[in-house]
Each structure stands twice: as structure tokens, then as C-alpha cells.
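Trainee: The following comprises the amino acid sequence and a computationally predicted model.
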Amino acid sequence: MRVVTSWIIALSMLLASASSLAQQSLDRVAIIVDNTVVLESEIQSLIQQVKRDSRSANRSLPSDDVLRTQASERLISQKLQMQLAERMGIRISDAQLDQTIASIASDNEMTVDMMRTQIEADGESWRQYRENVREQIVTNEVQRATVQRRVYISPQEINNLVQIIDEQGDSTTEYNLSHILISFQDDSGENNESAAEQRASAVLNRLAEGDDFAELAVTASSASNALDGGEMGWMTINTMPTLFADAVEGSQAGDTVGPLRSGIGFHILRVNEVRGAEVFTAEEVKARHILIQPSVILSDARARSMLAEFREQIMSGEKEFAELAQEHSADTGSARVGGDLGWADPSMYVPEFREKAENQEIGYISEPFRTTHGWHIIEVQDRRTQDVTEQRKQDQAGNMLFSRKYREELDIWLQELRDNAYVEVLEQ
């Protein structure tokens, strides 16, 4: 009996070991990135996501080998930024994540449940989708905190741009662009400008022969948006990178621009669409808010519930908004005046606050929502279309210059981050 029992135990251990090996074969460490790793399952998941998106957009894709290379590079960049976020103490709570996902669903004219059903029908797990969104929020915060310190705009630059805008009149032109970056770096990580120039010429030849720009972006681009087909979206001459502006101005839909040499490589642009755009007609809002900041002694959940209680007290008439703002708001500047933020362009606010200020009905008091500053409730009291004043021109010129320089510095910073990292791709 002991012999039989021993054999059963041995067989059970063997089966368990085989099962464990089978699971390990499904996942493994594919890339070492400084103090963390990229798993094979993460690469495969991203590749499948890109394929789903491409099918939806009716866009062709290159080979799986090329997709794997681009997916690996994107994940390496994400891992490096997430490590930096950890060191900077940047974290996104579940409540803040829920709020962002609700905003995404609203932008797509869906409920969260409808969006979840669609995502799961496309083959992606809801849990993974949530974590992808959380990671995107974190990397955006890292980029904003790091790159904006590298951007300097002088008063003379602002004055010069205001003068250019005055000469252009009330309207200008917007261009929808896609982008391919041919990096100076070769496969070994060494700079080889001559080889990069040859690769750029080869890409231009393929475009001239009718190859799809988005597919070539996935195949050949070293830019962070390569897996998105190189899409950059709508920009004016004054908001796109300086290098692109002079070359793109006057272009027509379908034109290919480049190669344009920068400090990191050669750039090739496709003008997808061109349209007229009003530059300086913007709506201002008059709003007030109450801010509660979580701390060591005030939990995130408690901060949110406090604002929910304040909202009920205001709506029932038990308390006045201004009274509660003066007593409790952590925004000391506005608290002194009952939470009043005055007239302002919503674009000056952080994204979550801006979305509320732009879209909320006048007189409605929002549910508590989270930003990087803490928990808020907001009431939009009025809206107006403000005439373009000299100060407004200065402000918008500053925003345009910041947008332009931010794009330029972001690309350089991402390249530096990659160059300074230890990355080892393990054999498959």
C-alpha cells in the first residue's frame, strides 16, 4: 500500500510540475528593462490590440516580426516611464480611474457598461483595459511633470507670435498630419546618419509607389506613435513643431513632406486633410469649486465622501456653497471668495477639471471628481464668448508656443530615456 501511495504522490508531483512548465511556456520574461521586465504575454497582448484596432480602421499591417519589434519598443518606453513614476510617487487611485473611464465612455456616447460590453466583445478583458488606462494616465503625468520643466518661452517669442497672428487675421489653416521618424540609431544602437538617410529615401520611394503611409509608419518609424500609424491629429502652423511648420505651410491634402532633419533623425510627414479654423473665438466660464486634498490623516475615500455631504447640504439649502468653500476648501486663493474662480478659459485647467468646466450645465453642482490636486465639486455659474483682447492674444500665443516646444522636447526626452536605460532582449 505504501508503494502504491508513493507512486501516486510521485505521479501527482510530476503532473503538477508538467502543468507548471506548461504555464511557464505560455509566459516568460521577454525583455529586461532596468529593474523590471516585459513579459511575452504583454507583447502578444499589445500585438493583438494593434491588430484589432487596424481591422476596425480597415488598415493593413506589416509582418508579425515588425509588429513585435514596435510593440517591444513601446512597452520598453512604458516600463521606463512607470519606473520613473514610482520614484516620483505618482499613483492613480481606483476612484480617479473610474472617473477617467466614465469620461471616455461619455466622449464615445456610451455608458460604462456599454463600453465594457464592446471591449470584451473585441476580445480584451475589462481588467486589462482598466490597467492600460491607468498606465496611460500615469505616463501622461510623468511626461507632463518632466517635460514641461524643459520648456522655456521668452516674452520676445510670445510678442513675435502675436504679431504673426495679427498679420494672419482672424482665421488660419489646420493640418491633419501623420508622421514617420527615421532614427539616426541603427540596430546596434549606434548613430549612423548616412544609413538613416538611405532608409528615409527608401520610405519616400515606397510612398511614391503607392504604399500605405500608416503601414509604413508601423514598419519603419521610431516615433512613439508608430503603432498608431503615425497619427498626429490636427495642428496649426503655430502649434506644430517649428521644424515642420515652414515645410508644411501651404501643403494640400495628400502631400508628402520631407525628409526633414532634426537632432534625432529624419522626419517624413503626410498631410491627410486641410481645413480652415477659427483661432481666437473661445468660450470663457465663470465657475466656483471646493477642493479637498487627501493626506496622511484624511483618506481618499473620506475626502470624496466629505464633498458628497457638502453637495447634499448645498442642494437641500442647508448650507451655502460659498460658506462651505470658505470653511473647508484647500484652494486658499479661491476659498477667500467663496470658491469663486472668476472668468477663465477652461483650457487653463487640468484635464478632468476642464472637462467639467466645458460641458457641465450652468447652475448644476457636480458629483465629486478627482484631479491631480485632490477631490472637487464644481458649479459653472455662467458662460460667455469673450472678445479677443491683447492679454488673450498673449495667453494663446504662449499656449501655442508651449504646445509646439512640448512636442519637440517630448520626443527628445523619450529618446534620452531609452538611450540611458539597460535593455536586454532575451532569445525566444
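Mentor: Here it is on my side, so go on.
Trainee: List the contacts of stretch 110-125.
Mentor: The list of residues contacting stretch 110-125 from outside it, by C-beta atoms under 8 Å, 6 or more residues apart in numbering, reads 48, 49, 52, 101, 102, 104, 105, 108, 126, 129. (Glycine included, C-beta is placed from N, CA and C.)
Trainee: Among the residues you listed, which pair sits farthest apart?
Mentor: Pairwise distances among the contacts of stretch 110-125 were taken by C-beta to C-beta; the largest, 25.7 Å, belongs to 48 and 102.
Trainee: so where's the chain shaky on pLDDT?
Mentor: 1-26, 168-171, 188-189, 277-282, 386-391 (pLDDT under 70).
Trainee: mind checking which helix or strand the residue nearest the centre of it is in?
Mentor: For the chain, residue 140 is the residue whose C-alpha lies nearest the centre (C-alpha atoms, centre = their mean; 5.1 Å). Taking DSSP states H and E as the criterion, residue 140 maps to helix 126-147.
Trainee: pull the CA atoms of that helix into PDB?
Mentor: C-alpha atoms of helix 126-147 as PDB (Å, rounded to 0.1, in the frame of the first residue of the first chain):
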ATOM      1  CA  TRP A 126     -12.100  44.600 -18.800                       C
ATOM      2  CA  ARG A 127      -9.500  44.300 -16.100                       C
ATOM      3  CA  GLN A 128      -6.700  44.600 -18.600                       C
ATOM      4  CA  TYR A 129      -8.400  47.600 -20.200                       C
ATOM      5  CA  ARG A 130      -8.600  49.300 -16.900                       C
ATOM      6  CA  GLU A 131      -5.000  48.800 -16.100                       C
ATOM      7  CA  ASN A 132      -4.000  50.000 -19.600                       C
ATOM      8  CA  VAL A 133      -6.000  53.200 -19.000                       C
ATOM      9  CA  ARG A 134      -4.400  53.600 -15.500                       C
ATOM     10  CA  GLU A 135      -0.900  53.200 -17.000                       C
ATOM     11  CA  GLN A 136      -1.700  55.800 -19.700                       C
ATOM     12  CA  ILE A 137      -2.800  58.300 -17.100                       C
ATOM     13  CA  VAL A 138       0.400  57.700 -15.100                       C
ATOM     14  CA  THR A 139       2.700  58.100 -18.100                       C
ATOM     15  CA  ASN A 140       0.900  61.300 -19.100                       C
ATOM     16  CA  GLU A 141       1.500  62.700 -15.600                       C
ATOM     17  CA  VAL A 142       5.200  61.600 -15.800                       C
ATOM     18  CA  GLN A 143       5.600  63.300 -19.200                       C
ATOM     19  CA  ARG A 144       3.900  66.500 -18.100                       C
ATOM     20  CA  ALA A 145       5.900  66.700 -14.800                       C
ATOM     21  CA  THR A 146       9.200  66.000 -16.500                       C
ATOM     22  CA  VAL A 147       9.000  67.600 -20.000                       C
END
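Trainee: Packing partners of that helix?
Mentor: helix 64-88, helix 94-107, helix 112-121, helix 390-419 (3 or more C-beta pairs under 8 Å, 6 or more residues apart in numbering; DSSP states H and E).
Trainee: Which of those helices sits closest to residue 56?
Mentor: Of all the helices and strands packed on helix 126-147, helix 112-121 comes closest under C-beta to C-beta, at 10.7 Å.
Trainee: and the angle from that closest one to helix 94-107?
Mentor: 90 degrees (axes from the mean of the first three to the mean of the last three C-alpha atoms, to 10 degrees).
Trainee: List the buried residues in helix 112-121.
Mentor: For helix 112-121, a neighbour-count test (16 or more other C-beta atoms under 10 Å) marks 115, 116, 119 as buried.
Trainee: can you list the helices and strands packed on helix 126-147 in TSV and add distance to residue 248?
Mentor: Converted to TSV, these look like this (distance: least, C-beta to C-beta, whole Å):
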stretch	distance to residue 248
helix 64-88	25
helix 94-107	28
helix 112-121	35
helix 390-419	12
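Trainee: ok, back up a step: and the residue nearest to the centre of the chain, how close does it get to residue 163?
Mentor: Distance, residue 140 to residue 163, using C-beta to C-beta, to the nearest Å: 33 Å.
Trainee: One more: residue 268?
Mentor: Distance, residue 268 to residue 163, by C-beta to C-beta: 31 Å.
Trainee: What is the neighbour count of residue 147?
Mentor: Neighbour count of residue 147, defined by other C-beta atoms under 10 Å: 19.
Trainee: what's the spacing between it and residue 233?
Mentor: 18 Å.
Trainee: check contacts around residue 199.
Mentor: With the criterion set at C-beta under 8 Å, 6+ apart, residue 199 makes contact with 182, 220, 266.
Trainee: element containing it?
Mentor: Counting by DSSP H and E, residue 199 is found in helix 193-208.
Trainee: just residue 384 next, same as before
Mentor: Using DSSP H and E, residue 384 falls within strand 374-385.
Trainee: by contact count, what packs against that strand?
Mentor: Against strand 374-385 (3+ C-beta pairs under 8 Å, 6+ apart) you get strand 283-292, helix 300-316, helix 351-359, strand 369-371.
Trainee: what residues are up against residue 231?
Mentor: Neighbouring residues of residue 231 by C-beta under 8 Å, 6+ apart: 178, 179, 214, 225.
Trainee: residues near the nearest residue to the third one once chain neighbours are set aside, how many?
Mentor: It refers to residue 214. Residue nearest to residue 214 in three dimensions, not counting chain neighbours: residue 229, with 3.1 Å by C-beta to C-beta, 6 or more residues apart in numbering. Residues contacting residue 229 under the criterion other C-beta under 10 Å number 24.
Trainee: List the buried residues of stretch 179-189.
Mentor: Those buried within stretch 179-189 under the rule 16+ other C-beta under 10 Å are 179, 180, 181, 182, 183, 184, 185.
Trainee: Check stretch 284-293 too.
Mentor: Buried residues in stretch 284-293 (16+ other C-beta under 10 Å): 284, 285, 286, 287, 288, 289, 290, 291, 292.
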